[in-house]
Structure formats: C-alpha cells, structure tokens
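Visitor: Sequence and predicted structure, then a few things I'm wondering about:
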2 protein chains.
Amino acid sequence: MKNFGQRYNHKYIRNFIQKIFIKSKLSKIDSYIVASSLVYADLKGVWSHGIARTSVYYKRIEQKLAKARPKIKFKKIFPSVAHIDGDNGLGFIIANQAIKKCISLAKKNGVGVVGVHNSNHFGMAALYVEKATKNNCICWVFTNASKAIPPHGSMTPHFGTSPFAFGCPTNNPKKPFIIDMASSSVARGKLKFAAQRGEKIPFGLALDKFGKPTNDGFKAFEGIMLPFGGMKGAAISWMMDIVAGIFTGAAHSGKVKNPIKDFSGSSNVGHLMICIRTDVFQKGSFFKKKMKTGILKVKKLKLAKGFKEILYPGEPEYTNYVKNLKQGIQISEDVRVDLERLAKKLKIKSIF
Amino acid sequence: MKNFGQRYNHKYIRNFIQKIFIKSKLSKIDSYIVASSLVYADLKGVWSHGIARTSVYYKRIEQKLAKARPKIKFKKIFPSVAHIDGDNGLGFIIANQAIKKCISLAKKNGVGVVGVHNSNHFGMAALYVEKATKNNCICWVFTNASKAIPPHGSMTPHFGTSPFAFGCPTNNPKKPFIIDMASSSVARGKLKFAAQRGEKIPFGLALDKFGKPTNDGFKAFEGIMLPFGGMKGAAISWMMDIVAGIFTGAAHSGKVKNPIKDFSGSSNVGHLMICIRTDVFQKGSFFKKKMKTGILKVKKLKLAKGFKEILYPGEPEYTNYVKNLKQGIQISEDVRVDLERLAKKLKIKSIF
C-alpha cells in the first residue's frame, strides 16, 4: 500500500495547492494553512491525510457543503474552557484556531479545554497535537468522523475511525512524542487507496459487506473496517463520538457525513482538545529531562525479533519528514492526474 | 478463568474486610473505603481487582511499605488544577480524595485536573470514573503501574498494564458509560489467577519468558504480556506512564514497584484525573438526552454473529452488579483460605 511516484519539492507543491484553495475563494492565509497542513502530512509520510485529499476538500467548498470564508465564533465558558462554532469552514482552519486558543488557555490557567462544533475533517490530528507540544503542553485531540466501524457486537459500521491522538514534548523540540492512531485496525485513507488501486491488504483489518473476512482492498473499503484490539478499539471509537460529538454539540451517532462520498449536506464534525502545561506539577525543566531518561531507557531494552531499534511514537514520522524535506514528497500517478485535472478546471498552470 | 465458589452477602464480606484494615491501623472510615472498594469490584464481576487482593494490600501496610495513616497533602496550582501528595497511603484512600477534589474543581470551573504522586495501586479505575459520572462529569482516570508489557519493538516488560479509563453519564444514573480496560490484551490479575490455578489461556495474550507465544497461565504470568491491538496498545501504555508518572512527579519508566511481588520499597504510583462538566457546551439536559438517543441507535444495529444484544461499555458490569447484590459475591476456595489465614493472624473471627 505504498505511495510510489515521482518526488517533488514540498514548497513547490504547497504553492500549487495554495493556489487551488485561493481559486476556491479561501483567503490567502487560510489557503496557506490548508496547503501547508496537507503537505506536512505528506512530509511526515502520512500520505493518506495529505495532498491526495485536495480535491475532496475542494469539492465540498465548490458544492457549498463547506464555507470558504467561515465566521468562526469563540465563546469563553470558563477561564479554562472555550467553545468554538466553526461555521462550517474547512477543519484545518477551525482546528488550527482551536488549538491556538487551547494552548493560550493552558498557558494562562494551567489547563485549556476547547470544544468545537460545525467543523469538517481536519486532516491529520498530529498537526494540532504537535503545536501543543511545541508550547510545552501535554495534549489530547479528539475528533469524530463518518460511520466506518461497528460497535462491539454489531456488524454495521456506525462510529468513525477517529484518531486517538496524544502528544507531549521530549528533550528534542523537533521530535515530540506523538500518538496519532485510527481506532480502526488501519487508517481509512489507506483502505481507500488500496481500493482505488485494487491492492491486497492483510486479513484481520476488515470484513466485506456480508461480514466475511477479506484481504481485497476494494471489498474492505466497501465493507466493514474492524477496530484495533477488538472490543477495546470499539470502545475508544465510541468514546470519541461522545466527547467530540455529543459533548461539543456537533453531529454524532452515525450522522457525521462522509467527506468523500456523501454530498447531501454539511458534515458538522466535532473536535475536543485538552492541553495541560508540562510544568503544573513540577519545575519547568523536569518533564523534558524525565522524558529523555525514559526514552533512553526504552531504547536500551532487549529487541523483539525483526526489530533493529525501538522507536517512540512520532519518531518514524520525524524520520520520514527529514528525508522528504530533502528528497521531496512522492506523488503517485493517480494523485498527479487528479491534481492536474483540478488545476485545468481552475485555470491554474500545471506544475507537473 | 472463572471465579467459582460459594456466594456471600456483600455487606457481610465488606464488614469482615473492613475489620482486617482496622486491625492494620487504618482509620475506621479509611478501612470502610478500602473494603467497600474491593467489594464493589467483586459486585461488578471484576474479581481480579476485588477482595482477592486484600492480603496484598495488608502485606504492604504490615511491611511498612505503605502507610496506614498517610498525611495526604493538597496543593492548588490553578483554579482548575490541583496536585496531591499521597504520602504513600493506600491508593484507594488517596484516589478517592483525588476524584472528589477533581469533581469539585470541575463543578466550580468547568474542568478539573488532579495529579497524584506517592500513591499505591488504587484498585479498579472504574471506581473513580463512576463517581465523576454521578456528578455529571465526563472523566478520564489514568494511572501507571509496575512493568508488565513491552514497548513496541522490544520483548522486555517495561510499562504497566495500566487501565485506560473513561466515563460519562447516560440517561440512567445507575448505568453510566464506563470504559476501564487494561492496556494489555488481558487484565494482569486474571493471568495471576490462571497461574495460581494452572489454567490454560487463549494464545495471543502473552509470550513466555523466552519470547514464545504460550497458552499456559503460569508461563504467561511469568512471561511477557502483550498489549491490546499491537503497537497501538503499546503506545497507550507508554502514554499512561508519561501522564500518570513523569507528569505528576511519581515513579516512571519501569520504577513503579510490583505491589504483589516487590517488597523492596514504596511503590510511588501516580495518577492523573480529568473531569469536565457535561453542561459546559450545552444545556444541562442535552448531554444525557443525546446519550440516550445514541445508545438506543446502537442497540438497534444489525447484530454480529454470536451476539444476542449490543451492550455499551459498563453495561455488562452493571448486570453483574444487580445479580451479585441479590445473590451475593462468589468467593473462590483459594481466596477464602487466604482470608481465613489473615483473619486468624489478626485475631478476627472467621465468617466462613
């Protein structure tokens, strides 16, 4: 399920993607935020949440299912708690403002909690978690999503593959500890690409639409994704729908619309963000020092078979980042064709 | 791995367990808290965290590795944030005060965050989460624990099987939504009992001490427990050590002592609790109404093979509770023998 293709300098691609969103009537700065968020996912190797999704976001704006110029409203509820109405803008723009607000609440009051409703798909959750880590916070970011995996005991997709995302600083500000994992056995975006390319996937990730195990990418994408760790992952995806959906005032219980294939209305995705300063219980430097000690200890543990090194969550993505920053991001043929088609339609000169 | 044995009225057992802790020099009220917490776990069917552990907690007090009369210190850091030094008391007593503090911070300021250090094993995390749900909060409770499962890429146990615990109210105040799941494939307590009884366990839960898959309860208990969902559960157990250990000022990175078999010093377990009022973003009644709608919707989904009903997290435990409250809690022969031995030693009249 790898994304083979020619490599391009990320700035070159970012400018191109930004032009697409400017043509879609987003402000220059908002277009930059969307473009750089998508390119950043590709740099980190998370291509399932990268520029491959450009035309999906474009289409929602074009069909007036998301607003190019939302009027995002902030409401302070308590010194540590704020509520944001995203006014149906793109998730990147709303979540970007939400995490900034959450960090500033935490800086002032130790903890910040921000609930968001009327939002859309916000890309890779790590984008926001990472910002918090760079501001010396531990951070959780929750979102809900369109129905994709069944609750335990059912075979009907109902909850999202919403990521469980957590992060905190390490001693190296460039390499924070970041967990960003779908509550399904595999990211939905990866199944989508396997489906488009007719690829095989490992058994155990999904059932076909009749409830039978499958290793066919297309049947899996059309079928039922399984949660990670059985009933445990299923419980986490339900929790996500509660805290990001029911709790924030967003859509919930299977009502969030699929951004890729449901164009019947706005999505009303919800997010919940929690930031806590790393120095509330100890001197400022202690947290990072202990993280360093902790990571070094883990790296010295006995390796399991097939491993050359023990990496902490977020480390493999950082390695991708360094490589792709230098060598350029890989763009597969189908993504290139899709972007060229979009550029032609919007009368933007192709860069490929 | 079921706990067969005679049934006893829970109040009868609770009084007996309370006597044991009073004899261990705990105050009457603290003894009651410990006894009722243990019995409550048994009522809920979570016998691995119930009265079977009585002698373990007793032994830590007896050997002066935990204090019978701790001086628990509270420090308010911000209006929403408090730090608790448990002074090495039993985890039940400290965590019970911590969740009360966390709820009261949330009631006043929307959100409460409480970090705890110098604590001990606090039993079933659901105990504390449930209290928060009954006070109209969504709640996360994190704790760290002695080394039991390896980080991804290693075969050395290093992080705890610490539970991921979350809860929120539902429309039925007696039946909150409660997730309380070990980050291992199976609760460590269950492996312990399988080991003691020489029982077989399913493959895939653990490796033996040489790194080979095993279905032998004893070899599994002596060996390496595997995290749930592979690298995803491994990441969650690492997160738990960070937020409950590194962040709170407690022991971390494999230094929390095993309460059952390591008597070389105090444990210094850490906990982190987060409570947020369910009405911060919407009118008070909305949350519970939406939970009701959400749960009813899930219950009507198409059943997977082998299921008669879809239950939400916390519901099976509530069913156990109702049954055991009426019929009494089951006490297995080995637990009865262990408690009788302890009673004899402390000159408490046996109730069996």
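Guide: In hand now; what should we look at?
Visitor: what about the helices in the stretch 101-250 of chain A?
Guide: Remark: helices assigned in the stretch 101-250 of chain A by DSSP state H, counting those that start in this stretch are A:126-133, A:188-197, A:217-222, A:231-240.
Visitor: just checking, what packs against the last one?
Guide: Using 3 or more Cβ pairs under 8 Å, 6 or more residues apart in numbering or on different chains; DSSP states H and E as the contact criterion, the neighbours of helix A:231-240 among helices and strands are strand B:163-168, strand B:177-182. The C-beta positions use only the backbone N, C-alpha and C, and glycine is treated the same way.
Visitor: ok, and does the helix or strand following that helix reach over to chain B?
Guide: Proceeding N to C from helix A:231-240, the next assigned helix or strand is strand A:269-277, under DSSP states H and E. Yes - Strand A:269-277 is in contact with chain B by Cβ under 8 Å from any Cβ of the partner chain, via A:274, A:276.
Visitor: What's the first helix or strand after strand A:269-277?
Guide: Criterion used, DSSP H and E; the element after strand A:269-277 is helix A:286-299.
Visitor: quick check: mean pLDDT across that next one?
Guide: On average, the pLDDT along helix A:286-299 is 98.
Visitor: quick one: residue A:294 and residue B:246, what's the gap?
Guide: 6 Å (Cβ to Cβ, to the nearest Å).
Visitor: Give the residues shared as contacts by those two.
Guide: Residues within reach of residue A:294 and of residue B:246 at once, by Cβ atoms under 8 Å, 6 or more residues apart in numbering or on different chains, are B:252-253.
Visitor: ends of stretch A:164-177, how far apart?
Guide: One end of stretch A:164-177 to the other measures 14 Å (Cα to Cα, to the nearest Å).
Visitor: With stretch A:248-256 instead?
Guide: Using Cα to Cα, the end-to-end distance of stretch A:248-256 comes out at 13 Å.
Visitor: Do any residues in it lie close to chain B?
Guide: Yes - residues of stretch A:248-256 are located near chain B by Cβ under 8 Å from any Cβ, namely A:248-249, A:252-254.
Visitor: Name all residues that make contact with residue A:74.
Guide: Contacts for residue A:74 (Cβ under 8 Å, 6+ apart) come out as A:82-84, A:101.
Visitor: Now intersect those residues with the strands, please.
Guide: A:82-84 (DSSP state E).
Visitor: can I get those in CSV with distance to residue B:149, pLDDT and neighbour count?
Guide: Output for these, formatted as CSV (distance: Cβ to Cβ, whole Å; pLDDT from 0 to 100; neighbours: other Cβ atoms under 10 Å in any protein chain shown):
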residue, distance to residue B:149, pLDDT, neighbour count
A:82, 37, 98, 24
A:83, 38, 98, 21
A:84, 38, 98, 26
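Visitor: check those residues against chain B, which are close?
Guide: residue A:83.
Visitor: so which of the ones in strands among the contacts of residue A:74 comes closest to chain B?
Guide: Nearest to chain B, judged by Cβ to the nearest Cβ, of the ones in strands among the contacts of residue A:74 is residue A:83 at 4.9 Å.
Visitor: so the closest one touches residue A:101, yeah?
Guide: No - using Cβ atoms under 8 Å, residue A:83 is not in contact with residue A:101, being 10.0 Å away.
Visitor: one step back: ok, of the ones in strands among the contacts of residue A:74, which one's closest to residue B:258?
Guide: Distance to residue B:258 across the ones in strands among the contacts of residue A:74 (Cβ to Cβ) is lowest for residue A:82, with 42.3 Å.
Visitor: so what pLDDT did the residue in chain A that chain B sits nearest to get?
Guide: Of all residues in chain A, residue A:229 sits closest to chain B, at 2.9 Å by Cβ to the nearest Cβ. Looking at residue A:229, its pLDDT is 82.
Visitor: what's the closest non-adjacent residue to it?
Guide: Closest residue in space to residue A:229, ignoring its immediate chain neighbours: residue B:229 at 2.9 Å, by Cβ to Cβ, 6 or more residues apart in numbering or on different chains.
Visitor: Okay, that neighbour and residue A:228: tell me how far apart.
Guide: Applying Cβ to Cβ, the value for residue B:229 to residue A:228 is 4 Å.
Visitor: So for the two, which residue has more residues nearby?
Guide: For residue B:229 against residue A:228, the residue with the higher neighbour count under other Cβ atoms under 10 Å in any protein chain shown is residue A:228, and the figures read 26 against 22.
Visitor: low-confidence ranges in chain A?
Guide: Chain A contains residues with pLDDT under 70 at A:1-4.
Visitor: how does it divide into domains?
Guide: A:1-62+A:314-352, A:71-184+A:227-300 (automatic domain parsing).
Visitor: shared neighbours, residue A:83 and residue A:101?
Guide: Joint contacts of residue A:83 and residue A:101 (Cβ under 8 Å, 6+ apart) are A:74, A:114.
Visitor: The residue of chain A closest to chain B: what's it in contact with?
Guide: Residue A:229 neighbours (Cβ under 8 Å, 6+ apart): B:185, B:228-230, B:232-233.
Visitor: ok, the residues you listed vs residue A:331, which is closest?
Guide: The closest of the contacts of residue A:229, once distances to residue A:331 are taken by Cβ to Cβ, is residue B:232, at 28.7 Å.
Visitor: Could you give the backbone dihedrals for the residue positioned nearest the centre of chain A?
Guide: The centre of chain A sits closest to residue A:124, judged by Cα atoms, centre = their mean, with a distance of 1.8 Å. When read as degrees, to the nearest 10, the backbone of residue A:124 gives phi -80, psi 120.
Visitor: ok, back up a step: turn the residues of stretch A:248-256 next to chain B into TSV, columns for neighbour count and distance to residue B:169.
Guide: Conversion of the residues of stretch A:248-256 next to chain B to TSV gives the following (neighbours: other Cβ atoms under 10 Å in any protein chain shown; distance: Cβ to Cβ, whole Å):
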residue	neighbour count	distance to residue B:169
A:248	30	16
A:249	21	16
A:252	26	15
A:253	22	16
A:254	20	21
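Visitor: can the residues you listed go into a markdown table with extra columns for distance to residue B:347?
Guide: Output for the residues of stretch A:248-256 next to chain B, formatted as a markdown table (distance: Cβ to Cβ, whole Å):
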| residue | distance to residue B:347 |
| --- | --- |
| A:248 | 57 |
| A:249 | 60 |
| A:252 | 57 |
| A:253 | 57 |
| A:254 | 60 |
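Visitor: And the residues you listed, which is closest to residue A:325?
Guide: Among the residues of stretch A:248-256 next to chain B, residue A:248 lies closest to residue A:325 (Cβ to Cβ), at 34.9 Å.
Visitor: The closest one touches residue A:268, doesn't it?
Guide: No - counting by Cβ under 8 Å, residue A:248 stays clear of residue A:268, with 9.9 Å between them.
Visitor: any residues in contact with both of those two?
Guide: residue A:117.
Visitor: Can you verify my assumption that residue A:318 contacts residue A:177?
Guide: No - in this structure, residue A:318 is not within contact of residue A:177 by Cβ under 8 Å, at 10.5 Å.
Visitor: which one of these two has more residues nearby?
Guide: Legend: neighbour count by other Cβ under 10 Å for residue A:318 and residue A:177, higher for residue A:177 (23 against 19).
Visitor: ok, now how distant is that one from residue B:239?
Guide: For residue A:177, the distance to residue B:239 - Cβ to Cβ - is 8 Å.
Visitor: repeat for residue A:198
Guide: Here the criterion is Cβ to Cβ. By it, residue A:198 lies 37 Å from residue B:239.
Visitor: the more surrounded of the two?
Guide: Neighbours per residue, other Cβ under 10 Å: of residue A:198 and residue B:239, the larger number sits with residue B:239, 25 against 9.
Visitor: do you know how far the more buried one is from residue A:138?
Guide: According to Cβ to Cβ, residue B:239 stands 9 Å off from residue A:138.
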